[in-house]
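Student: requesting a structural model of the entry that follows:
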Amino acid sequence: MKIVVIGGSGLIGSKLVRKLAAHGHDAVPASPDSGVNTLTGEGLAEVLDGAQVVVDVSNSPSFADDAVLDFFRTSTGNLLAAEAETGVGHHVALSVVGTERLAESGYFRAKIAQEKLIKDSGQPYSIVHATQFFEFVGSIAQEATEGNTVRLSDARIQPMAAEDVAAAVGRVAVGAPLNGTVEVAGPEQFGLDELIRTGLAFRADPREVVTDSEARYFGALLDKDMLLPGPDAQLSATRFADWLPLNPPPAR
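Tutor: Just a heads-up that it's a prediction; the model follows:
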């Protein structure tokens, strides 16, 4: 099966391409580096020729409110139109658990807009809602840092490894379209503050994590369970404590 992976050179995309290829699929990574630009439409018709499935795991290069909204609206609109023209039978998109509850955040408003385009397109589709990745502990901390202090809510979160996200997206991609949403999550719950505190301490990061119920998460004020999946979520096996020693921070 030919499966085109939009954002195929990124964190999830590169893992997904490798997994699909290992299972005998013709997994084609597509990104500006390979001459495919979903914002301009360049290369889309050519790369989608003969494809049965398109998986979109791309992300905006800017998280500024207007820029991220423009990215997801334009990119997704161009992609869906090209799929309709070339006869692609399944559109798969990676999104985030809790997206519909996080509309205070410009990033999540953009993801809501992306999902609406997909649902309204008439294309057979599947949306995978994943919880936060272990790999983003550093960027969450950076976003919440003031001086030497990291201010974070103690809202509950059930994060997962990017490797497990890619595996879950791959399973959906090779199946029949859901015309709906599936949630995937890690095996354990943490307080958001606890998760980041643990991650920073393991890496001997001197910043202090302070629990602040008013601290915002990428612009959104969190309640206790806003980031948690529902009871039917598919749970992965990798635990944070096992993942940490296998994933040292990049050399500075």
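
Student: mind showing which ranges of the protein have poor pLDDT?
Tutor: Residues of the chain meeting the criterion pLDDT under 70: 250-252.

Student: which residue ranges of it form helices?
Tutor: 11-22, 44-48, 65-86, 106-120, 137-143, 162-173, 192-202, 240-243 (DSSP state H).

Student: quick check: which of these is buried the most?
Tutor: helix 162-173 (a mean of 22; mean count of other Cβ atoms under 10 Å). From N, CA and C alone the C-beta is placed, and that goes for glycine too.

Student: now Leu152: how far from Ser95?
Tutor: For Leu152, the distance to Ser95 equals 22 Å [Cβ to Cβ, to the nearest Å].

Student: comparing those two, which residue is more hemmed in?
Tutor: Leu152 (26 against 22; other Cβ atoms under 10 Å).

Student: find the residue closest to that one in space, skipping its chain neighbours.
Tutor: Asp193 (4.3 Å; Cβ to Cβ, 6 or more residues apart in numbering).

Student: isn't the one you found right up against Thr211?
Tutor: Yes. With contact defined as Cβ atoms under 8 Å, Asp193 counts as touching Thr211 (4.6 Å).

Student: mind listing the shared neighbours of the two?
Tutor: Taking Cβ atoms under 8 Å, 6 or more residues apart in numbering as the contact rule, Asp193 and Thr211 both touch 152-154.

Student: what is the nearest of those residues to Phe136?
Tutor: Distances from Phe136 to these, taken as Cβ to Cβ, are shortest for Leu152 (13.0 Å).

Student: residue contacts, that closest one?
Tutor: Residues near Leu152 by Cβ under 8 Å, 6+ apart: 140, 144, 192-193, 196, 209-212, 215, 217.

Student: nearest to Ala84, of the residues you listed?
Tutor: Tyr217 (35.6 Å).

Student: measure that closest one to Glu143 for me?
Tutor: 8 Å.

Student: circling back to that earlier point, could I get the shared contacts of Asp193 and Thr211 as JSON lines with distance to Ala30?
Tutor: Formatted as JSON lines, these follow (distance: Cβ to Cβ, whole Å):
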{"residue": "Leu152", "distance to Ala30": "35"}
{"residue": "Ser153", "distance to Ala30": "36"}
{"residue": "Asp154", "distance to Ala30": "40"}
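
Student: you'd agree Ser75 is up against Thr40?
Tutor: No. Using Cβ under 8 Å, Ser75 is not in contact with Thr40; the gap is 9.8 Å.

Student: please name the bridge partners of Tyr217.
Tutor: Ala220 (DSSP bridges).

Student: and the nearest residue to Gly122 once chain neighbours are set aside, what does it touch?
Tutor: Distances taken as Cβ to Cβ, 6+ apart place Ala84 nearest to Gly122, at 7.7 Å, with adjacent residues excluded. For Ala84, the contact set (Cβ under 8 Å, 6+ apart) comprises 121-123.
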